[in-house]
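Got a predicted model here, sequence first, then my questions.
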Amino acid sequence: MHWLAGIHAFFGEIGVVCFLWILVEFMSPNKEGLCRSQKVSSIGLGAILLAWLMGGMYYFNFYSSQVKPTIKGSDFNWAHIVVMELKEHVFLFLPFLAFFLWITLKQTTEDNMQKRRSHILGVSLIGTLIGFAMAFMGALVSYGYRLGLEAKL
Amino acid sequence: MNLQRLSTATAVVVYYIAAATILTEMFKPVKKAFTAIGGYHWIGKGITAVLLLIIVYLALSKFPNKSADEEMGKGLIYAPIVSGVFMGIFFVVHFLNR
């Protein structure tokens, strides 16, 4: 695995864990949980943006020149045409959801957190599910690349 | 920041990303236009999505708020589900019809 893909996955996983953390905190929100969620949402937004940057650098420097042609030239071309295409576009939702969550939590206080609870829960659940889907799709693309390389031998 | 407007603007951006993705796959000139913006079409989509978020948020501020800030609706929760499922179906159909 290319080191940039590893760093991309590392920041991506941190981002997903942050979404999950907020989801769990808001199942039964309290003052301390809100305070933690506000900090975690900042880390989550930063991690998602870094995952985006690292993923882009990996795509530029390695994926487009080596992985993509190998997968597309093999019988496992679905790994790029379906999975990677879907992954690189659905991923774009995450920075916007993370930004929304960060701003919302920044403006949430003990007084209004119950009213905002369902919305925060919903957005953090969607972020968590998309994040796990990203990890799964990343694994499928790696699998497709490996099969493509084996087929070349 | 007004959360109701931000929620609506974010949902619009999510639908925009889905629409732009499908249009770039169907029409080559659209793909070229996005590529011209950012080097790769998905970078172009990212840049235009950020601009759209700002534009929609500012445009919505021209309209008065009818409900409380807490009433953000479920639009932002449905948008990624609808868009993601739609894009998934599109790419599978696109692959099968090649």
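That came through, no problem.

list the contacts for residue A:120?
By C-beta atoms under 8 Å, 6 or more residues apart in numbering or on different chains, residue A:120 lies in contact with A:22, A:26, A:37, A:101, A:104-105, A:108. C-betas here are computed from N, CA, C, even on glycine.

Please give me every residue in contact with residue 77.
Looking at chain A here, since you left the chain open. A:71, A:144.

wait, chain B
Neighbour list for residue B:77: A:119, A:122-123, A:126 [criterion: C-beta under 8 Å, 6+ apart].

quick check, nearest of those residues to chain B?
Using C-beta to the nearest C-beta, residue A:122 comes nearest to chain B of the contacts of residue B:77, at 3.9 Å.

my read: the closest one touches residue B:74, true?
Yes: counting by C-beta atoms under 8 Å, residue A:122 sits close enough to residue B:74 to count as a contact (7.0 Å).

Spell out which residues of chain B are next to chain A.
Within chain B, the positions near chain A by C-beta under 8 Å from any C-beta of the partner chain are B:1, B:3, B:6-7, B:10, B:13-14, B:17-18, B:21, B:25, B:39-40, B:42-43, B:45-46, B:49, B:53, B:69-70, B:72, B:74, B:76-77, B:80-81, B:83-84, B:87-88, B:91-92, B:94-95, B:98.

at 6 Å what do you get?
Applying C-beta under 6 Å from any C-beta of the partner chain, we find that chain B lies next to chain A at B:1, B:3, B:6, B:10, B:13-14, B:17, B:21, B:42, B:46, B:70, B:72, B:77, B:80, B:84, B:87-88, B:91-92, B:95.

What subset of those is buried?
Neighbour counting with 16 or more other C-beta atoms under 10 Å in any protein chain shown marks B:3, B:6, B:10, B:13-14, B:17, B:21, B:42, B:46, B:70, B:72, B:77, B:80, B:84, B:87-88, B:91 as buried within those.

Just the ones in helices from those, please.
Secondary structure from DSSP state H places B:3, B:6, B:10, B:13-14, B:17, B:21, B:42, B:46, B:77, B:80, B:84, B:87-88, B:91 of these in helices.

hey, C-alpha coordinates of stretch B:37-55 in PDB?
Only the C-alpha atoms of stretch B:37-55 are listed here, as PDB (Å, rounded to 0.1, in the frame of the first residue of the first chain):
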ATOM      1  CA  ILE B  37     -11.500  24.300 -13.000                       C
ATOM      2  CA  GLY B  38      -9.400  21.900 -10.800                       C
ATOM      3  CA  GLY B  39      -7.300  19.600 -12.900                       C
ATOM      4  CA  TYR B  40      -9.500  16.600 -12.100                       C
ATOM      5  CA  HIS B  41     -13.300  16.700 -12.500                       C
ATOM      6  CA  TRP B  42     -13.900  15.800  -8.800                       C
ATOM      7  CA  ILE B  43     -11.600  18.700  -7.600                       C
ATOM      8  CA  GLY B  44     -13.700  21.000  -9.900                       C
ATOM      9  CA  LYS B  45     -16.800  19.700  -8.300                       C
ATOM     10  CA  GLY B  46     -15.400  20.200  -4.800                       C
ATOM     11  CA  ILE B  47     -14.500  23.800  -5.600                       C
ATOM     12  CA  THR B  48     -17.800  24.700  -7.200                       C
ATOM     13  CA  ALA B  49     -19.600  22.900  -4.300                       C
ATOM     14  CA  VAL B  50     -17.900  25.200  -1.800                       C
ATOM     15  CA  LEU B  51     -18.800  28.300  -3.900                       C
ATOM     16  CA  LEU B  52     -22.400  27.000  -4.200                       C
ATOM     17  CA  LEU B  53     -22.700  26.600  -0.400                       C
ATOM     18  CA  ILE B  54     -21.600  30.200   0.100                       C
ATOM     19  CA  ILE B  55     -24.000  31.500  -2.700                       C
END
